[in-house]
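Novice: here's a sequence, model it:
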Amino acid sequence: MQNISFKRHRFPPEIIRHAVWLYARFTLSYRDVEDLLAERGLNVSYETARRWFLKFGRPIARNLSSTRPTPSDYCHLDEMVIVISGKQHFLWRAADNEGEVLDFLVQRKRNARAALKLMRELLKKQGWAPTRIITDKLRSYHAAFRMLGLTAEHIDNKRSNNRAENSHQPVRRRERKMQRFKSPGSAQRFLNIQSAAYNTFYSQRHLINRPTFKRYRAEAFDVWENAAAAV
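Specialist: Next comes the predicted model:
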């Protein structure tokens, strides 16, 4: 984990971290972040909040990802349509059976080559092969798995893939709030930061009691503060 330098910034690190957290954690615009900070007596423009997010969001996301525990070896794969600059793209997404986002990739195609690229990125990032993979009926997954020689159990049942389907909901809300992504690169950069914050603060609240949830939330805030620690 690397420390992050906030030198030569007029505002203290605590305010910058809070602004980045607000935008990464909630479905807000930069102007919403500006208003929330103004309510606390902080004169920060939405453009400043945008620059903070772009500059500090990526190193914070890397630190958050480096501290995550090993995810489940059950992998759910799915793809959703997004429109960028008037052209159709596909957001390929991998999640485990507990809802943690494992990887994602913005691509122009919905074919075996795209599925193969997603799986290669996922295997490289995780460092291990899943024991069970759940997808929809898209035949491209079968072709990609054959090319990679994966021996994991493959379930291609759309109803069994609700975990990946549900993982698209936060992205769809952000897409509407941002009035669509502006480029594949900007979408990839934003989702990298957003998914790291999502994984840190996500919990299945319906499965845990209130004291456990309070403890989990306090730990999540500690992880965020450590990931955004200043030098």
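
Novice: just give me the neighbour total for the closest residue to residue 66 other than its chain neighbours.
Specialist: Distances taken as CB to CB, 6 or more residues apart in numbering place residue 1 nearest to residue 66, at 5.6 Å, with adjacent residues excluded. C-betas here are computed from N, CA, C, even on glycine. Neighbours of residue 1 under the rule other CB atoms under 10 Å: 12.

Novice: same check on residue 62?
Specialist: 16.

Novice: surely it and residue 3 touch.
Specialist: No. With contact defined as CB atoms under 8 Å, residue 62 does not reach residue 3; the gap is 12.0 Å.

Novice: the longest helix along the chain: what's the following helix or strand?
Specialist: As assigned by DSSP state H, the longest helix anywhere in the chain is helix 46-66. Next along the chain after helix 46-66, taking DSSP states H and E as the criterion, comes strand 74-84.

Novice: now do whichever helix or strand comes after that next one against strand 74-84, angle only.
Specialist: Downstream of strand 74-84, the next assigned helix or strand under DSSP H and E is strand 87-96. Between strand 87-96 and strand 74-84, the angle comes out at 160 degrees (axes from the mean of the first three to the mean of the last three CA atoms, to 10 degrees).

Novice: partners of strand 87-96, with directions?
Specialist: Strand 87-96 sits in its sheet next to strand 74-84 (antiparallel), strand 101-107 (antiparallel), going by DSSP bridges.

Novice: can I see the domain layout of the chain?
Specialist: The chain breaks down into these domains under automatic domain parsing: 1-66+199-231, 74-182.
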